[in-house]
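Q: Test case, fold it:
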Amino acid sequence: DDTTLKLWDAHSGICLQTLTGHSAWVSAASFSPDGTRIVSGSADKTLKLWDAHSGICLQTLTGHSAWVSAASFSPDGTRIVSGSADKTLKLWDAHSGICLQTLTGHSAWVSAASFSPDGTRIVSGSDDTTLKLWDAHSGICLQTLTGHSAGVSAASFSPDGTRIVSGSDDTTLKLWDAHSGICLQTLTGHSAWVSAASFSPDGTRIVSGSDDTTLKLWDAHSGICLQTIVNLPNNETASWSETELKLLSVSKEAWRWIGLADGCRRLPIELLDDPIDTLTTGA
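A: Predicted structure coming up:
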């Protein structure tokens, strides 16, 4: 809520830079595939492109009429997709900053938006309880996925692009066939809204974060809950390390690496509330 982004050394936990420029809280941030740039989205209705090494703001992308809730690069780094409380998604040229297309169809704010691994499709999730699949070139809506009973807060493709995982305010995750749009499984176990959900790099597991203060690890094929990591501050996002067997959990209080071998917390940063984390097996 302090309107800034921070760059951290992922090993030492040291803050390397503070990026200033937004005039309201920052709700989304992600690196380009080559790691040289960062895109951020804010409640000030803008996206900003940053040089990941110098921290300099390269461009400000304007066009949304409400806060930007999602922003990510395409796999080749040439485009950016953003989602907003104005109910639209926008496709941007990542070099010129020009808005290429505006995708309409959701009836409530768009909370999640990301490209498929091959860059040909986009999945979005919305507070209207649906996910939508879009053609990333034409902007045409290919399918609407229904099944959640409350807003969708997270949505992403599997590494091979064949499945989608979603998380919802209805406390569940759902696994979808990315081609047919059929719901393959519903994963239950969280007791509050699911704010984050993503596949492991090899596609065999899923991590979810929830307002119930837990992370859960799931078998991506059987849907069985493998582990629950408890007593974490509310998890606003959770993602995998690409190179090591560990997770990144982020909340308002801190970010921390969690080693999956022993479940211990790594590198708490600016931790306001310091509960003791424990690891339990199963749901």
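
Q: so where's the stretch 151-283 of the chain uncertain?
A: Applying pLDDT under 70 to the stretch 151-283 of the chain flags the ranges 231-283.

Q: can you give me the strands for it?
A: Secondary structure of the stretch 151-283 of the chain (DSSP state E, counting those that start in this stretch): strands at 152-157, 163-168, 173-177, 183-187, 194-199, 205-210, 215-219, 225-230, 237-240, 246-250, 255-259, 265-266, 278-281.

Q: Show me what the fifth one is packed up against.
A: The reference is to strand 194-199. Applying 3 or more CB pairs under 8 Å, 6 or more residues apart in numbering; DSSP states H and E, we find strand 194-199 packed against strand 152-157, strand 163-168, strand 205-210, strand 237-240. In this view, the C-beta of every residue, glycine as well, is placed from N, C-alpha and C.

Q: and the angle from the third one to strand 163-168?
A: Calculated by axes from the mean of the first three to the mean of the last three CA atoms, to 10 degrees, strand 205-210 forms an angle of 10 degrees with strand 163-168.

Q: Show me what strand 205-210 pairs with in its sheet, parallel or antiparallel.
A: Taking DSSP bridges as the criterion, strand 205-210 forms sheet pairs with strand 194-199 (antiparallel), strand 215-219 (antiparallel).

Q: can you check the second one too?
A: When pairs are called by DSSP bridges, strand 163-168 turns out to pair with strand 152-157 (antiparallel), strand 173-177 (antiparallel).

Q: Determine which of the ones you listed approaches Ser111 most closely.
A: Nearest of these to Ser111, taken as CB to CB: strand 152-157 at 5.1 Å.

Q: ok, residues contacting that closest one?
A: 111-117, 121, 123-127, 129-131, 163-169, 178, 193-199, 208 (CB atoms under 8 Å, 6 or more residues apart in numbering).

Q: centre of the chain versus that strand, how much separation?
A: Its chain's average C-alpha position is 7 Å from that of strand 152-157, according to CA atoms, centre = their mean, to the nearest Å.

Q: same question, stretch 202-211
A: From the chain centre to the centre of stretch 202-211 is a distance of 11 Å (CA atoms, centre = their mean).

Q: How much space separates Ser72 from Thr62?
A: Counting by CB to CB, to the nearest Å, the separation of Ser72 from Thr62 is 18 Å.

Q: Looking at these two, which is more packed in?
A: Comparing Ser72 with Thr62 by other CB atoms under 10 Å, the one with more neighbours is Ser72, at 23 against 12.

Q: Give me the distance between His148 and Thr88.
A: For His148 relative to Thr88 (CB to CB), the value is 20 Å.

Q: cool, His53 as well?
A: Distance from His53 to Thr88, counting by CB to CB: 32 Å.

Q: Looking at the two, which one has more neighbours?
A: Each of His53 and Thr88 has its neighbours counted (other CB under 10 Å); Thr88 has more, 21 against 12.

Q: OK, contacts around that one?
A: Counting by CB under 8 Å, 6+ apart, Thr88 has contacts 64, 102-104, 106, 110.

Q: I'd assumed Trp92 was in contact with Leu100.
A: Yes: between Leu100 and Trp92 a contact is recorded at 6.3 Å, counting by CB atoms under 8 Å.

Q: Go through the strands paired with strand 163-168 and pick out the most buried.
A: strand 152-157 (a mean of 26; mean count of other CB atoms under 10 Å).

Q: re the thing from before, can you check which of the helices and strands packed on strand 194-199 gets nearest to Lys45?
A: Evaluated over the helices and strands packed on strand 194-199, closeness to Lys45 peaks at strand 152-157, with 20.2 Å, by CB to CB.

Q: Many thanks, I have nothing further to ask.
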